[in-house]
Every structure is written in structure tokens, then in C-alpha cells.
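Asker: With the sequence up front, the predicted model follows.
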Amino acid sequence: METSIVIAGFGGQGVLFAGQLLAYAGMDNNLHVTWIPSYGPEMRGGTANCTVIVADEPVGAPIVANPDVAIVLNLPSLEKYEPLVKSGGLLVVNSSLITRTVARTDVDVAYVPANDIAEELGSAKMMNMAALGALLAQRPILTLDQLMRTLDDHLPARKAHLLEANKLVIQKGYAVATAVLA
């Protein structure tokens with residue numbers, strides 16, 4: 001099993017942390033991982049993306065031209081990554097900010113109102129966690145419990161007060177994306 005994931009949005013959406021958390025979860029569960037961040041010089045408000053590969057064997061190359069999965073948190077990210085996802089892959093779309101539908105019919109799509117979920121449960125800044133929950137509902141490369149334990153271990157101390165809310169957002173994102181499968 002090897003799954004390549006691109007997470008993309010603008011600075012301030014937690015793109016890099018979401019990717020880092022996924023990579024830590026893989027490592028914490030004895031999988032092989034790579035995590036490569038990329039962001040514009042503006043940081044907050046500029047473009048940001050990261051590539052994560054989670055595998056049960058050593059990863060041959062960390063660079064991915066055509067990911068298995070793209071989590072797109074804003075419209076420019078959808079426009080960039082929609083054509084690049086492998087056929088049979090998955091697009092997780094933040095439908096709170098992206099109102100257009102995916103044109104491709106050869107990929108799975110999970111429309112998840114990530115901002116709305118996060119705002120409902122505490123803060124829009126947690127929207128990245130809703131997207132990760134949706135990813136795991138559609139592609140169970142890790143379990144929710146594995147991701148939650150990693151969040152316990154790796155959430156920065158200054159954000160510790162948001163730990164339980166983040167877990168609720170992950171669960172809600174998972175539930176919404178699971179309903180898409182039904």
C-alpha cells in the first residue's frame with residue numbers, strides 16, 4: 001500500500017499542519033512516510049501545499065506528479081490539482097469555499113463543508129481537521145483512533161485547549177464523508 005496525498009489551500013488554513021499530522025500518524029503506526037511542504041513567501045494568505053506519502057514499504061521518491069488524493073481547500077487549489085489526480089483517485093473538496101463541482105467523472109469526490117463544520121464546533125481554524133476526517137472516511141490509510149492519538153501527541157502546547165474540539169471536527173468530517181458513500 002502506498003498512497004500519495006496533496007493538501008492544498010492558502011496560508012493560514014492549516015495545510016502544512018494537516019500534512020505533518022498525517023505523516024506523524026503514519027510514523028507513529030510503523031508506516032513509511034514523506035512530507036514535503038511548499039508555500040509562497042507571503043505565508044498567511046499566500047498559496048500553500050504539501051505532499052504526503054504513506055506506505056507500508058520504503059518510499060522510492062517523495063516527488064508526486066499525479067497524486068492518489070488531493071485535499072483542496074480553496075478554488076485555486078481545485079483548479080490546479082483536479083486535472084492531476086490519478087484516475088480512480090479522490091478529491092476532497094472544501095465545499096464551504098468552493099461552490100463549483102468537479103468536472104471529472106473518473107475520480108471519487110467528497111464535498112465536505114470544512115469551514116462550516118469547524119465554525120459550528122469552535123473555530124474555522126480547525127477546518128483542516130474536517131478535511132483529514134473526510135480523507136480517512138474515503139481512503140482508510142489510517143484509522144480515526146490512530147489519527148486522534150497522534151493529535152494528542154503532536155498538537156502544539158499553545159493549541160492544547162483546542163484538542164477536544166479538533167477531535168470533534170475530525171469525527172464530523174469523517175461522518176459527512178461517510179454519508180457521501182451511502
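Answerer: Right, received. Where do you want to start?

Asker: so where does the most centrally placed residue in the chain fall, helix or strand?
Answerer: Central residue of the chain (CA atoms, centre = their mean): Leu132, 4.2 Å from the mean position. In this structure, Leu132 is located in helix 127-138 according to DSSP states H and E.

Asker: Export that helix to CSV, keeping only CA atoms.
Answerer: Output of helix 127-138 as CSV, limited to C-alpha atoms (Å, rounded to 0.1, in the frame of the first residue of the first chain):
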residue,chain,number,x,y,z
MET,A,127,-11.2,23.2,9.1
ASN,A,128,-8.1,21.3,8.1
MET,A,129,-9.1,18.6,10.6
ALA,A,130,-12.5,18.2,8.9
ALA,A,131,-10.7,17.5,5.6
LEU,A,132,-8.5,14.9,7.2
GLY,A,133,-11.5,13.2,8.7
ALA,A,134,-13.1,13.1,5.3
LEU,A,135,-9.9,11.7,3.7
LEU,A,136,-9.9,8.8,6.2
ALA,A,137,-13.6,8.1,5.6
GLN,A,138,-13.0,7.7,1.9
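
Asker: Please name the residues that touch the residue nearest to the centre of the chain.
Answerer: Neighbouring residues of Leu132 by CB atoms under 8 Å, 6 or more residues apart in numbering: 18, 21-22, 71, 147, 170, 173. C-beta: built from backbone N, CA, C; applies to glycine.

Asker: From these, pick the one nearest Leu78.
Answerer: Ile71 (10.3 Å; CB to CB).

Asker: hey, what's that closest one bridged with?
Answerer: Beta bridges link Ile71 to Ile7, Val92 when assigned by DSSP bridges.

Asker: okay, now it: neighbour count?
Answerer: Using other CB atoms under 10 Å, Ile71 has 32 neighbouring residues.

Asker: who's in contact with it?
Answerer: With contact taken as CB under 8 Å, 6+ apart, Ile71 is in contact with 5-8, 18, 92, 131-132, 134-135.

Asker: Let me see the ranges of the helices in this structure.
Answerer: Along the chain, the segments classed as helices by DSSP state H run 15-28, 75-81, 114-120, 127-138, 144-154, 163-181.

Asker: now the third one: how far from the chain's centre is it?
Answerer: Taking the mean C-alpha point of helix 114-120 and that of its whole chain, the gap between them comes to 15 Å (CA atoms, centre = their mean, to the nearest Å).
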